[in-house]
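Student: build me a structure from this.
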Amino acid sequence: MNIAMVTGAASGLGQEIAGDLLRRGWQLLLPVRSAGRAEALVALAAALGAPRPVVVEVDLGEPGAVRMLCGQVARYGPLDLVVNNAAVGGGIDVSQREVVSTGTELRMAVNAVTPHLIARELAPHLGEHGRIVQVGSAGQMALDLTDLNNEQGYDGITAYCRSKLALIMSAMELAEAGVPVNVVHPAREMPTRIVADGGWPIASTLDDGTLAVLRVALDSALSGVKGVYFNRFDQADPHEQALDTQARRRVVSWLDQAAAL
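Tutor: The predicted structure is shown next:
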């Protein structure tokens, strides 16, 4: 039986990805803030006769909680797939800077530190052909290497775009260490909370995004491919800062430090 962990599966794209895997008969591990948010997927599994998802309550903004999550999930290994889809967008009020309990700015914490930590912790518990897929974005902005915690001149959209570039940098560095991880921009504006909060018009369906993510997750033609950024179905060049080795290693060192708090 195939086993996958999908974050951010309570709604939107993550729920669609998880639903597709359930229809394929996969065993799912679902980290959610509260168990009630996974009810729709638990009901879908029952209706399909699929294995009942394992629901784990966790705050994905807190590194200590994420480390505990990884310890729990590792017991279900070997894992075939990890999809880090959970993310925080720019917010309704983009001037409002938020932090998690460790002091890390919220968007960097959830969108970059957490998936980096999960990939690092769960990589040893993947099966022979296991993969990690980080859901990224074509919206990438250069990080201020002197202000990685986004303390100066705060803007939520900028913080979001910086976090998505940091996610790519993480994948590139982890891949050099042998971790089978890639990043994919699934589709343009889909009907998700992030898009709704930003007030952007819908440009794609959730199915559009799901197809792109599952292609990177499951396509046998991509077996062995790692450290790559995909814009939907195509390998693409990330923001040029991701290609700067010194900048990349500086950012990933910061992610490691934030993950250790």
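
Student: okay, now the unreliable bits of the stretch 151-261 of the chain?
Tutor: Within the stretch 151-261 of the chain, no stretch has pLDDT under 70.

Student: what about the helices in it?
Tutor: In the stretch 151-261 of the chain, the helices defined using DSSP state H, counting those that start in this stretch lie at 156-176, 193-198, 206-218, 245-259.

Student: pick the most deeply packed of those.
Tutor: Most buried of the helices of the stretch 151-261 of the chain, by mean neighbour count (mean count of other CB atoms under 10 Å): helix 156-176, with a mean of 24. C-beta: built from backbone N, CA, C; applies to glycine.

Student: which strands and helices lie in contact with that one?
Tutor: Secondary-structure packing of helix 156-176 (3 or more CB pairs under 8 Å, 6 or more residues apart in numbering; DSSP states H and E): helix 106-108, helix 114-122, strand 126-135, strand 181-185, helix 245-259.

Student: contacts for the shortest one, please.
Tutor: Right, the one you point to is helix 106-108. Under the contact criterion CB atoms under 8 Å, 6 or more residues apart in numbering, helix 106-108 has outside partners 61, 88, 90, 97-100, 148-150, 156, 159-160, 162-163, 166, 258.

Student: mind doing that once more with 6 Å?
Tutor: Val88, Glu98, Ala159, Tyr160, Ser163 (CB atoms under 6 Å, 6 or more residues apart in numbering).

Student: just to revisit the earlier point, can I get the helices and strands packed on helix 156-176 in CSV with distance to Thr192?
Tutor: Converted to CSV, the helices and strands packed on helix 156-176 look like this (distance: least, CB to CB, whole Å):
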stretch, distance to Thr192
helix 106-108, 15
helix 114-122, 17
strand 126-135, 11
strand 181-185, 13
helix 245-259, 24
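
Student: looking at these, which is nearest to Ala4?
Tutor: strand 126-135 (9.3 Å; CB to CB).

Student: and the closest one, which residues are buried?
Tutor: In terms of neighbour count (16 or more other CB atoms under 10 Å), strand 126-135 has its buried residues at Leu126, Gly130, Arg131, Ile132, Val133, Gln134, Val135.

Student: show me what it is packed against.
Tutor: In this structure, strand 126-135 makes packing contacts with strand 79-84, helix 206-218, judged by 3 or more CB pairs under 6 Å, 6 or more residues apart in numbering; DSSP states H and E.

Student: rerun that using 7 Å as the cut-off
Tutor: strand 79-84, strand 181-185, helix 206-218 (3 or more CB pairs under 7 Å, 6 or more residues apart in numbering; DSSP states H and E).

Student: and of those, who's closest to Val252?
Tutor: Going by CB to CB, the one of these nearest Val252 is strand 181-185, 12.4 Å.

Student: neighbours around the nearest residue to Val54 once chain neighbours are set aside, how many?
Tutor: Among residues not flanking Val54 along the chain, Leu29 sits closest, at 4.9 Å (CB to CB, 6 or more residues apart in numbering). Using other CB atoms under 10 Å, Leu29 has 24 other residues around it.

Student: now Leu29, what's its secondary structure?
Tutor: strand (DSSP: H, G, I helix; E, B strand; the rest coil).

Student: hang on, it packs against Met5?
Tutor: Yes. Using CB atoms under 7 Å, Leu29 makes contact with Met5 at a distance of 4.1 Å.

Student: list residues touching both of these two?
Tutor: When contacts are counted by CB atoms under 7 Å, 6 or more residues apart in numbering, Leu29 and Met5 have Val73 as shared neighbours.
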